[in-house]
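Asks: kindly return the folded structure for what I paste below:
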Amino acid sequence: MSYITIQVRVKPRSRVSDLKKAEDGTWVAKLKSPPVDGKANKELVGLLAEKFNCRKSSVQIKSGASGRIKLVRLVKKS
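Replies: Down below sits the predicted model:
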């Protein structure tokens with residue numbers, strides 16, 4: 001197993017869901033969901049799992065769950 005830790009800046013209530021890498025190495029996630037009752041975090045987990053081709057259970061928000069900047073750990077099986 002290998003771990004990847006990435007920094008993600010979240011922009012909730014966007015028109016479309018999108019995930020792109022910024023020039024500084026961080027990721028920017030545009031989410032349709034509002035930041036209410038964990039809806040945006042759930043959408044983020046699904047978006048990251050799809051992008052990095054792993055299970056949703058392999059995506060963990062390590063810090064920043066209630067903020068716009070999050071540290072996310074992805075577990076990939078080798």
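
Asks: confirm that A49 sits in a helix.
Replies: Yes. Counting by DSSP: H, G, I helix; E, B strand; the rest coil, A49 is located in a helix.

Asks: list the contacts for it?
Replies: By C-beta atoms under 8 Å, 6 or more residues apart in numbering, the contact list for A49 reads R55, K56, S58, V59. C-betas here are computed from N, CA, C, even on glycine.

Asks: mind giving me the packing neighbours of the longest strand along the chain?
Replies: Looking across the chain with DSSP state E, the single longest strand is strand 2-11. With contacts defined as 3 or more C-beta pairs under 8 Å, 6 or more residues apart in numbering; DSSP states H and E, the packing partners of strand 2-11 are strand 27-30, helix 39-51, strand 69-76.

Asks: S14 is nearest to which of the ones you listed?
Replies: Minimum separation from S14 across the helices and strands packed on strand 2-11 (C-beta to C-beta) falls at strand 27-30, 3.8 Å.

Asks: return the alpha-carbon coordinates of that closest one using PDB.
Replies: Taking Å, rounded to 0.1, in the frame of the first residue of the first chain, the C-alpha atoms of strand 27-30 are listed here in PDB:
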ATOM      1  CA  TRP A  27      -5.600  20.800  -6.100                       C
ATOM      2  CA  VAL A  28      -8.700  23.000  -6.600                       C
ATOM      3  CA  ALA A  29     -12.100  21.300  -6.300                       C
ATOM      4  CA  LYS A  30     -15.300  23.000  -7.500                       C
END
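
Asks: strand partners (parallel or antiparallel) of it?
Replies: Paired strands of strand 27-30, with direction, are strand 2-11 (parallel), strand 18-21 (antiparallel) (DSSP bridges).
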